[in-house]
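Asks: build the 3D model from these lines:
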Amino acid sequence: MGAHVMKLKGFRAADAALLTGDWLPGELLGLPVVDRPPLAEPSRVPPPRDDRDELCVVPGTGFVRFTGVDWIHRHARLEIGLRSAAEDPRPVLEAALRHGFRVLGMRRLYGWLTPGVYDGTETVLKACGLQWEATVPQALWVAGGAMDRQLWGALHASDD
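Replies: Numbering: from 1, shown residues only. Just a heads-up that it's a prediction; the model follows:
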């Protein structure tokens, strides 16, 4: 028997609790921030508002959001928010890429990474086929200081 393949399901109102957590807003692979100040507001992802947003969930685990979906040029920004840093993020990222390329028909998926916030994130992104594209200096304020943010992306295998 083959290995278990994680599947995403469509967002329902009952899944709303999965849209709030202690990850950085807009992060490609958002895991709970370890030293997040106790009074910091949790990140919140709004439910989809139009056809430029696609929101999926992994029950009990987190969400996968495709935002800024361009149906003509077939690209979208990918955000993932996971409830637990203890869980391996790779199956969720693989499921998100599979959904974006095969189900939504996107040619390019991309997202933001804040280096140094989550240990091992860059290794996971590379293992799943994403590549570093650019760095925006001092793009985000985290823990009392400005931090760089990186743009990572992947092309559908047929578009390499």
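Asks: which stretches of this protein form strands?
Replies: For the chain, the strands defined by DSSP state E occupy 9-10, 20-21, 43-44, 53-58, 62-70, 75-82, 108-113, 131-142, 145-155.
Asks: can you list the strands that the second one pairs with?
Replies: Right, the one you point to is strand 20-21. strand 43-44 (antiparallel) (DSSP bridges).
Asks: next one: the last one
Replies: Strand 145-155 sits in its sheet next to strand 108-113 (antiparallel), strand 131-142 (antiparallel), going by DSSP bridges.
Asks: and these as TSV, adding distance to H73 and mean neighbour count?
Replies: Backbone N, C-alpha and C define where each C-beta goes, glycine included. TSV is the format used below for these (distance: least, Cβ to Cβ, whole Å; neighbours: other Cβ atoms under 10 Å):
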stretch	distance to H73	mean neighbour count
strand 108-113	8	22
strand 131-142	16	12
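Asks: would TSV of the strands of the chain with distance to R102 be doable?
Replies: Below are the strands of the chain laid out as TSV (distance: least, Cβ to Cβ, whole Å):
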stretch	distance to R102
strand 9-10	16
strand 20-21	27
strand 43-44	28
strand 53-58	13
strand 62-70	13
strand 75-82	13
strand 108-113	12
strand 131-142	20
strand 145-155	13
